[in-house]
Every structure is written in C-alpha cells, then in structure tokens.
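Trainee: Take this sequence and fold it.
(one chain, ligands or ions: 1)
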Amino acid sequence: MLKKNLREALEEKLMELPVVEYQWMETDQIEFSEKVRYICRTECPRYGKSWSCPPGVGSVEECRERCRKYSEAFVFTTVAEVADAENLEEVFRSKAGHEEITRQIRQIFAPCFEEILALSGDSCSLCERCSYPEGPCRRPEAMLPCIEGYGIVVPALAEKAGISFLNQGNLVTWFGLLLLKEKEEDAVC
Ligand code: SF4
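Mentor: Here you go, the predicted structure:
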C-alpha cells in the first residue's frame with residue numbers, strides 16, 4: 001500500500017488539473033474479462049487498427065500479467081462537454097483533452113515510481129494513420145493503450161473505485177488508469 005504522505009503529496013500536485021474523481025487501488029482489484037475483448041473484436045471499428053488496441057496489445061491474459069507487475073493503481077476521470085453526445089466522432093475527439101491530462105499525471109508521478117503504465121479510454125489517435133501492423137509504434141513514449149482493449153471491465157473498475165459515470169446530457173466521462181511500480185527506496189518527489 002502506498003504511503004499516506006506520498007499519496008497526499010501527489011494529490012496536492014494534482015489539484016490544478018481538471019480531474020473530476022480519483023481513487024487509489026491495488027492492482028489485484030482490477031477485473032479483466034474475455035467478454036470485453038469479444039466486444040472489441042465484434043463491435044469496435046478500431047479493432048486490429050492500432051498498437052493501442054487488441055490484438056496489438058496482446059491477449060487479455062498477457063495484458064493481465066503485464067498489469068500484475070505493478071502493485072498500485074490510480075484511477076481517475078475527466079469530463080468533456082460535447083454538442084451532441086450521439087455524435088460518436090465528436091465524442092471521440094473530446095478524448096484529446098483527457099489524454100493530455102493523463103500524460104500530465106504520468107509526468108507528475110514519474111519521479112516517484114520505478115515504472116508507470118498509463119492506460120486511457122479508447123484508441124490512440126496520435127498519428128493520422130497508425131503504423132499497425134506494418135511497423136512499430138512511432139511514439140511508444142506518448143501512446144496510451146486503451147483500458148477496455150486490455151480487457152478491463154470499466155463499470156466494475158468504477159464501482160470498486162466509487163467513481164461515477166457522468167454521461168448525462170452532453171457530458172462524456174473519460175477514464176484513465178495508471179499502474180504504478182513502487183521504488184524500493186523511499187520515493188523523494
Ligand atoms: S502513436 Fe501512432 S503508431 Fe503508435 S499507436 Fe498511436 S497512432 Fe499508432
């Protein structure tokens with residue numbers, strides 16, 4: 001369990017960011033399911049089109065094993081306002097601000113942890129056309145794999161974290177998840 005003073009120091013640094021809700025968790029509280037992967041495969045137009053999505057991210061079991069190397073998790077939400085919540089393209093575009101905040105949180109956390117794996121909602125859209133599968137990811141340091149693409153059950157994650165979906169009216173809730181490997185020595189950050 002992360003030390004209370006480290007949590008408090010990090011939470012203070014986050015106060016200037018538009019994070020709506022957050023929670024610290026242990027990684028083994030995160031639920032994975034093949035059913036989520038089935039939905040990716042059968043319903044998502046991004047399946048097989050990005051290194052941030054399946055099958056590029058590996059099997060659900062590989063994703064689960066990758067996540068288990070990190071003991072702590074930080075889950076958070078941001079909320080975007082769109083003109084038309086039924087317009088999926090507009091909803092997808094509203095993700096850019098959330099991704100930027102996810103990267104900022106990763107940057108704030110970076111000095112305090114041995115290693116961080118940051119996941120975000122939906123597929124990576126950093127390049128106009130993803131290099132998948134012909135070549136390696138062009139920006140692995142900036143790319144954020146998709147939470148659902150890892151097979152993570154987001155409603156269960158939200159429930160365990162006590163975080164609510166604010167998908168009412170024209171509001172869209174975006175989830176972010178940082179998996180954190182603690183330093184062996186006391187973190188100075
Ligand atoms: S950074 Fe570019 S190459 Fe990498 S996953 Fe995103 S879109 Fe694809």
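
Trainee: buried ones in stretch 170-185?
Mentor: Buried residues in stretch 170-185, counted by 16 or more other CB atoms under 10 Å: V172, T173, W174, F175, G176, L177, L178, L179, L180, E182. Yep, even glycine has a C-beta here, placed from its N, CA and C like the rest.

Trainee: any chance of those in TSV, with pLDDT, secondary structure and distance to the ligand too?
Mentor: As requested, those are exported to TSV (pLDDT from 0 to 100; DSSP: H, G, I helix; E, B strand; the rest coil; distance: CB to the nearest ligand atom, whole Å):
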residue	pLDDT	secondary structure	distance to the ligand
V172	90	strand	21
T173	92	strand	22
W174	94	strand	17
F175	96	strand	18
G176	97	strand	16
L177	98	strand	17
L178	98	strand	18
L179	98	strand	18
L180	97	strand	22
E182	90	strand	28
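
Trainee: contacting residues around the one helix or strand I101 maps to?
Mentor: Using DSSP states H and E, I101 sits in helix 95-109. Helix 95-109 is contacted by residues 10, 13-14, 17-19, 74, 76, 78, 80, 116, 118, 120-122, 125, 142, 144, 174, 176, 178, 180 when judged by CB atoms under 8 Å, 6 or more residues apart in numbering.

Trainee: Check which element follows that helix along the chain.
Mentor: Next along from helix 95-109, by DSSP H and E: strand 113-120.

Trainee: by contact count, what packs against that next one?
Mentor: Strand 113-120 is packed against helix 95-109, strand 171-182, with contacts defined by 3 or more CB pairs under 8 Å, 6 or more residues apart in numbering; DSSP states H and E.

Trainee: again, only this time at 10 Å
Mentor: With contacts defined as 3 or more CB pairs under 10 Å, 6 or more residues apart in numbering; DSSP states H and E, the packing partners of strand 113-120 are helix 60-68, strand 72-81, helix 95-109, strand 171-182.
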